[in-house]
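S.K.: 3D model of this:
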Amino acid sequence: MKITEVKAIRANRYCYAKIMTDEGIYGIGESGAFGALDASAAQIENFSAFLVGKDPLEIEHLWQAMFRGSYFRGSAVMGAISAIDVALWDIAGKFYNVPIYKLLGGKCRDKIRVYGHVMARNDDELVENCKKKRAQGYTAVGHLSPFLDEPISMPYDKTHVKNMDEAIRRVHLMREAVGDNMDLCIELHRRSLPGEAVVLINEIVDTHPLFVEDPIPPGNNEAMAYVVQHSQIPIATGERLHTIFEFQDLLDRKAANYVRVSLTTAGGITGAKKIAALAETRMCPIVPHNPLSPVCTAAEMQFCASIDNLLICEYPDPEGPLMKDREHRKCDLVTRYAKPVDGYVPLPEAPGLGIDLVEDVDKRFPALPMPVMCRLNVDGSIRDQ
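M.R.: Residues are numbered from 1 along each chain as shown. Predicted structure coming up:
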């Protein structure tokens, strides 16, 4: 079997790779390059010259060639490698007529615990949406910002004491709303400096969150290690890292209790398995990051089934609306999608990834550019959000 074509597909705010073979088997995968999706799509097609004519079942060799042959990486290139890698695993699963996890050593669990997203613009929405997820059967909720999901267009103008008091109060509101039968995954969205983060985290210890995610801006593992060392709640981070070497440095510096690996920018299933093995040596559980489409979710279910050190997996609602398209849902991009039952997603049974894009997905859901957005403080300076 040989690869005959590699193409990029852009639809709404997503980017996919599709790989065809001379035996009629094809595979799909998703890039998570976020703001650089056009660049990632171009890199997917740039890899085509290398991939056409190759055996798609030589996944590790092809991964090494793309990874080590890309002298300058970053999210666009790693997103392309990730999408291609997942598409190759999809082909392999279809070729051998088994779900991908069967080729990764088999299952480590019978179902996968997931947490649902909660977003809110005010306290009432926050409480209501947490209760909705509990009513839907979830045993954990995440994307929980105690700072709320305020519009980026709103200039930030709060005193430190007001910001801290409101955030601390909201975490307690969430715990009161859902009781002790639901875990809270608190998301600070990189909106604090190290000292601020430690103050907030240690004031919510009595609510016993499962973890606090991304308390400070990424890029400085020494600063993240400071937060970990001074916090009484586990810290989860890593979603913006791209390579096994970056994750190794994160772990070496003891800058994470739980690793957030973005399968769609960290090298696909192949890269994520390497990172999970690194984390396993430090007794560090994996919390896969996923803000994307059902294609990414399908890939993550295969990955999660195959690793022992999974804590919980992020699960964006496939029935949520597409970006700037309230008439269609994310699940309208695909032929099927995984649904949680009582907070767990059953293991996939179909060969390969177990999911496909709908026909002419790029024409039905035209690509949307990702604008450059940043929030400002009231004095005009940049604020992380």
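
S.K.: distance between stretch 170-184 and the chain's centre?
M.R.: Computed by C-alpha atoms, centre = their mean, to the nearest Å, the separation of stretch 170-184 from the middle of its chain amounts to 23 Å.

S.K.: hmm, I was thinking of stretch 9-21
M.R.: 17 Å.

S.K.: Start at 23, not 1
M.R.: Okay, using 23 as the starting number, the last item reads as stretch 31-43.

S.K.: How about it, which residues are buried there?
M.R.: For stretch 31-43, a neighbour-count test (16 or more other C-beta atoms under 10 Å) marks 31-43 as buried. Using the backbone N, CA and C atoms, a C-beta is placed for each residue, glycine as well.

S.K.: Can you give the domain ranges for this structure?
M.R.: 25-121, 124-371 (automatic domain parsing).

S.K.: Next secondary structure after the host helix or strand of residue 188?
M.R.: Using DSSP states H and E, residue 188 maps to helix 182-200. Scanning forward in sequence from helix 182-200 by DSSP H and E, the next helix or strand is strand 205-209.

S.K.: List the neighbouring strands of that following strand plus their orientation.
M.R.: Note on strand 205-209: by DSSP bridges, its sheet partners are strand 162-166 (parallel), strand 233-235 (parallel).

S.K.: With mean pLDDT as extra columns, can I get the ones you listed in CSV?
M.R.: CSV is the format used below for the strands paired with strand 205-209 (pLDDT from 0 to 100):
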stretch, mean pLDDT
strand 162-166, 94
strand 233-235, 98
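
S.K.: could those strands be laid out in JSON lines, adding distance to residue 281 and mean neighbour count?
M.R.: Formatted as JSON lines, the strands paired with strand 205-209 follow (distance: least, C-beta to C-beta, whole Å; neighbours: other C-beta atoms under 10 Å):
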{"stretch": "strand 162-166", "distance to residue 281": "15", "mean neighbour count": "24"}
{"stretch": "strand 233-235", "distance to residue 281": "11", "mean neighbour count": "26"}
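
S.K.: would you say residue 285 is within a helix?
M.R.: No - the assignment for residue 285, made by DSSP: H, G, I helix; E, B strand; the rest coil, is coil rather than a helix.

S.K.: Please name the nearest non-neighbouring residue to it.
M.R.: residue 294 (4.6 Å; C-beta to C-beta, 6 or more residues apart in numbering).

S.K.: Residue 334 too?
M.R.: Using C-beta to C-beta, 6+ apart, the closest residue to residue 334 is residue 135 (5.0 Å).

S.K.: next one: residue 375
M.R.: residue 112 is the one closest to residue 375 (C-beta to C-beta, 6+ apart), at 4.2 Å.

S.K.: In contact with that neighbour, which residues?
M.R.: Listed by C-beta atoms under 8 Å, 6 or more residues apart in numbering, the contact partners of residue 112 are 48, 49, 50, 51, 122, 374, 375.

S.K.: Distance check, it against residue 366.
M.R.: To residue 366, residue 112 is 23 Å away according to C-beta to C-beta, to the nearest Å.

S.K.: Now do residue 275, the pLDDT please.
M.R.: Residue 275 carries a pLDDT value of 97.

S.K.: Just want the phi and psi numbers for it.
M.R.: The phi and psi values for residue 275, taken as degrees, to the nearest 10, are phi -90, psi 0.

S.K.: now the helices: where do they sit in the stretch 273-407 of the chain?
M.R.: For the stretch 273-407 of the chain, the helices defined by DSSP state H, counting those that start in this stretch occupy 290-302, 316-328, 383-386.

S.K.: Deepest in the core, which of those helices is it.
M.R.: helix 316-328 (a mean of 27; mean count of other C-beta atoms under 10 Å).

S.K.: and that helix, what's its mean pLDDT?
M.R.: 98.

S.K.: Give me the phi and psi angles of residue 231.
M.R.: According to degrees, to the nearest 10, residue 231 has phi -60, psi 150.

S.K.: Pull up the gap between it and residue 258, please.
M.R.: Distance from residue 231 to residue 258, by C-beta to C-beta: 10 Å.

S.K.: Give the residues shared as contacts by these two.
M.R.: Joint contacts of residue 231 and residue 258 (C-beta under 8 Å, 6+ apart) are residue 207.

S.K.: Hmm, residue 371 and residue 323 touching each other?
M.R.: No - judged on C-beta atoms under 8 Å, residue 323 makes no contact with residue 371 at a distance of 10.9 Å.

S.K.: what residues are up against residue 373?
M.R.: 115, 116, 118, 119, 120, 121.

S.K.: swap the cut-off to 6 Å and go again
M.R.: 115, 116, 119 (C-beta atoms under 6 Å, 6 or more residues apart in numbering).

S.K.: what's the distance between residue 51 and residue 40?
M.R.: Counting by C-beta to C-beta, the gap from residue 51 to residue 40 is 8 Å.

S.K.: circling back to that earlier point, out of the strands paired with strand 205-209, flag the one nearest residue 315.
M.R.: strand 162-166 (16.1 Å; C-beta to C-beta).

S.K.: Name the residues that touch the closest one?
M.R.: 137, 138, 139, 140, 152, 155, 205, 206, 207, 208, 209, 334.

S.K.: Quick check: the farthest pair among the residues you listed?
M.R.: The widest separation within these (C-beta to C-beta) is 16.2 Å, between 152 and 334.

S.K.: looking at it, residue 37 is touching residue 63, isn't it?
M.R.: Yes - at 5.1 Å, residue 37 counts as touching residue 63 under the criterion of C-beta atoms under 6 Å.

S.K.: where in the stretch 173-322 of the chain is pLDDT low?
M.R.: By pLDDT under 70, the stretch 173-322 of the chain has no low-scoring segment.

S.K.: State which helix of the protein is the longest.
M.R.: The longest helix of the chain (DSSP state H) is helix 96-118.

S.K.: Just the buried residues of that one, please?
M.R.: 97-117.
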